[in-house]
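> Give me coordinates for this.
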Amino acid sequence: MKKRKRRPTLVALLILLIGGGASAYYFLYMKKSTKAAPPEETVELALADLSLNLADRSRAHYLTASITIVIKGVKPQPTVDKHQAEIRDAVIMATTQHTYSDLLSAEGKEKLKDDIATAVEGALAGERLSVEEVLFTNFLME
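Predicted structure coming up:
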C-alpha cells in the first residue's frame, strides 16, 4: 500500500518539476528574445558646395554639388559627427571616379548615388549604420 501512496506523490512531484522547468525556460529565455530593440533613428548629413574634378581625360570637367546623406541606425548622430571627415573623403573619392558623360543621364546620377551610399557605408564600417538615401540638393556640371 505504501507504493500506491508514493506513486501519486511521485507523479505530482514530476508534474510540478516539469511545469516549473517550462516556466523557468519561458521567463529566462523567451522573455529576452521578445525585448524590443532600441529604435532606429535617422540623421541627415548635408555636404554643401562640393566642387570636384570629374574623371574625364580629354577635357577638364567639374561638378559642383550639394549632397545630403540620410544615415539610419541606433543613435547615429555621435558616430556621424565623429566620422565626418571619412564620410566626406568617401563621397569625393566615389564621385571623382565618374565622367561628365556618365553623369548626363538620370541612370548615371542614380549610379553615382549608389556608389556614394556604398562608399559611405564603407567609411562607417563596424558602426552598425546604413545609408538610407542619398539626395542631390544642387548638381551643376561644367
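
> Just the buried residues of the lengthiest helix in the chain, please?
When the chain is parsed with DSSP state H, its longest helix is helix 2-25. Under the neighbour-count criterion of 16 or more other Cβ atoms under 10 Å, helix 2-25 has nothing buried. Where C-beta positions appear, they are placed from N, C-alpha and C, glycine not excepted.

> what is the mean pLDDT for it?
Helix 2-25 carries an average pLDDT of 70.

> and that helix, how far from the chain's centre?
In terms of Cα atoms, centre = their mean, to the nearest Å, the centre of helix 2-25 is set 50 Å apart from its chain centre.

> by contact count, what packs against it?
Where contact means 3 or more Cβ pairs under 8 Å, 6 or more residues apart in numbering; DSSP states H and E, helix 2-25 is not packed against any helix or strand.

> Where does Ala48 sit, in terms of helix or strand?
Applying DSSP states H and E as the criterion places Ala48 in strand 41-53.

> Show me which residues of that strand are buried.
For strand 41-53, by 16+ other Cβ under 10 Å, it's Val43, Leu45, Leu47, Leu52.

> Was I right to think the last one contacts Ile92?
It refers to Leu52. Yes: counting by Cβ atoms under 8 Å, Leu52 does reach Ile92; the two are 6.2 Å apart.

> Report pLDDT for Thr42.
95.

> Name the helix or strand of this protein that has the lowest mean pLDDT.
Scoring the helices and strands of the chain by mean pLDDT, DSSP states H and E places helix 31-33 at the bottom, with a mean of 59.

> Thank you kindly, that will do.
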